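Engineer: how does the following fold in three dimensions:
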Amino acid sequence: MSEPSERKTIPIQDINEASKCAGSEPYALMVLGDSMMPEFEEGEIIVVEPSGLVKDGSYVVAYVNDEYIFRQIVKRDDGWMLKPVNPLYENIPVDDLDVAKGVVIMKKKPGRRSEQKRYI
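Structural biologist: Presented below is the predicted three-dimensional model:
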């Protein structure tokens, strides 16, 4: 197996710029890295709903360890974890759902109108 590519995080300034939209307006981000492959490929666009309902299995943008990351949130017996789809990356245990700052509601490949998938 190959080593995972260097972990890329979403710069805080980009999230802060996006959040200057009216409080709960959806915003778009580009997927960087391979931690969410094969479900989300690098370069795809995800649409994030800041006030979306977070539940077991949701794909979320979360704020943990002083950075924003894109992961799936999964319920465990002792709490929650942020799980990458790619098994080469580690799970991140979290105490509660407060780390989730938005729920992914859609993904799309740039320039391909017909290639999109909704998550709600």
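Engineer: return the distance of the residue nearest in space to the middle of the chain relative to residue 113.
Structural biologist: Closest residue to the average C-alpha location of the chain: residue 70 at 2.6 Å, with C-alpha atoms, centre = their mean. Look at residue 70 and residue 113: by C-beta to C-beta, to the nearest Å, they are 23 Å apart. C-beta: built from backbone N, CA, C; applies to glycine.
Engineer: tell me how many other residues surround the nearest residue to residue 90 once chain neighbours are set aside.
Structural biologist: The spatial neighbour of residue 90 that comes closest, neighbours along the chain excluded (C-beta to C-beta, 6 or more residues apart in numbering), is residue 84 at 7.6 Å. Other residues near residue 84 come to 21 when the count uses other C-beta atoms under 10 Å.
Engineer: now do the contacts for the residue nearest to the centre of the chain.
Structural biologist: Residues near residue 70 by C-beta atoms under 8 Å, 6 or more residues apart in numbering: 10, 29, 31, 35-36, 40, 46, 59-62, 104.
Engineer: residue boundaries of the helices in this structure?
Structural biologist: Counting by DSSP state H, the chain has helices at residues 12-18.
Engineer: which residues of it score low on pLDDT?
Structural biologist: Scanning the chain for pLDDT under 70 picks out the ranges 1-23.
Engineer: rerun that using 90 as the cut-off
Structural biologist: Across the chain, the ranges flagged by pLDDT under 90 are 1-24, 78, 110-120.
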